[in-house]
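Asker: here is my input; please provide its structure:
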Amino acid sequence: APQKNGGVTVAPYIKQLTVWLCVVTAMKLCMLGIMMGFEEYWQVLSSFCLDWLNPHPKAKLVAVMCVVPAIFNGLQFWLQDMFLAAKKSSSQILGNRGG
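Answerer: Numbering: from 1, shown residues only. Now for the predicted structure:
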């Protein structure tokens, strides 16, 4: 029988968490492969983008730790939203055809 915690069934959340952890782990392993496989390219690209900040190490740190992650998180959320919105609209279209 599924465990209950204050009237909430916990089993579906454990399954969802397990699937999410597997997906995130697979993504991280893929990123590790990409980073290792194209190491020289990434070094050239990072030098090209950040060498102008060498005289300002604190600004370089802010760029690497705050600005770049904010840009890529925004890009990730935007792409996920586009994917989910496209999935939603296609299912709405299919739902309208059916009935």
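
Asker: tell me, what residue is most central in this protein?
Answerer: Centroid-nearest residue in the chain, with Cα atoms, centre = their mean: residue 76, separated by 5.5 Å.

Asker: so which strand or helix has it?
Answerer: helix 68-98 (DSSP states H and E).

Asker: likewise for residue 22?
Answerer: Using DSSP H and E, residue 22 falls in helix 11-37.

Asker: so for that helix, what gets flagged as buried?
Answerer: If you call a residue buried by 16 or more other Cβ atoms under 10 Å, then helix 11-37 has no buried ones at all. Heads up, the C-betas are built off the backbone N, CA and C, glycines and all.

Asker: next secondary structure after it?
Answerer: Defined by DSSP H and E, the subsequent element after helix 11-37 is helix 39-50.

Asker: in that next one, which residues are buried?
Answerer: For helix 39-50, it's none, nothing buried (16+ other Cβ under 10 Å).

Asker: and that helix with helix 11-37, angle?
Answerer: Angular relation of helix 39-50 and helix 11-37 on a 0 to 180 degree scale: 90 degrees, by axes from the mean of the first three to the mean of the last three Cα atoms, to 10 degrees.

Asker: starting at the chain centroid, how far to helix 39-50?
Answerer: Put simply, helix 39-50 sits 22 Å off its chain's centre (Cα atoms, centre = their mean, to the nearest Å).

Asker: export it to PDB, keeping only CA atoms.
Answerer: Output of helix 39-50 as PDB, limited to C-alpha atoms (Å, rounded to 0.1, in the frame of the first residue of the first chain):
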ATOM      1  CA  GLU A  39      37.700  20.900 -24.700                       C
ATOM      2  CA  GLU A  40      40.000  22.800 -27.000                       C
ATOM      3  CA  TYR A  41      37.100  24.500 -28.700                       C
ATOM      4  CA  TRP A  42      35.700  25.600 -25.300                       C
ATOM      5  CA  GLN A  43      39.100  27.000 -24.200                       C
ATOM      6  CA  VAL A  44      39.400  29.100 -27.400                       C
ATOM      7  CA  LEU A  45      35.800  30.300 -27.100                       C
ATOM      8  CA  SER A  46      36.100  31.200 -23.400                       C
ATOM      9  CA  SER A  47      39.400  33.000 -24.100                       C
ATOM     10  CA  PHE A  48      37.800  35.000 -26.900                       C
ATOM     11  CA  CYS A  49      34.800  35.900 -24.700                       C
ATOM     12  CA  LEU A  50      36.600  36.700 -21.400                       C
END
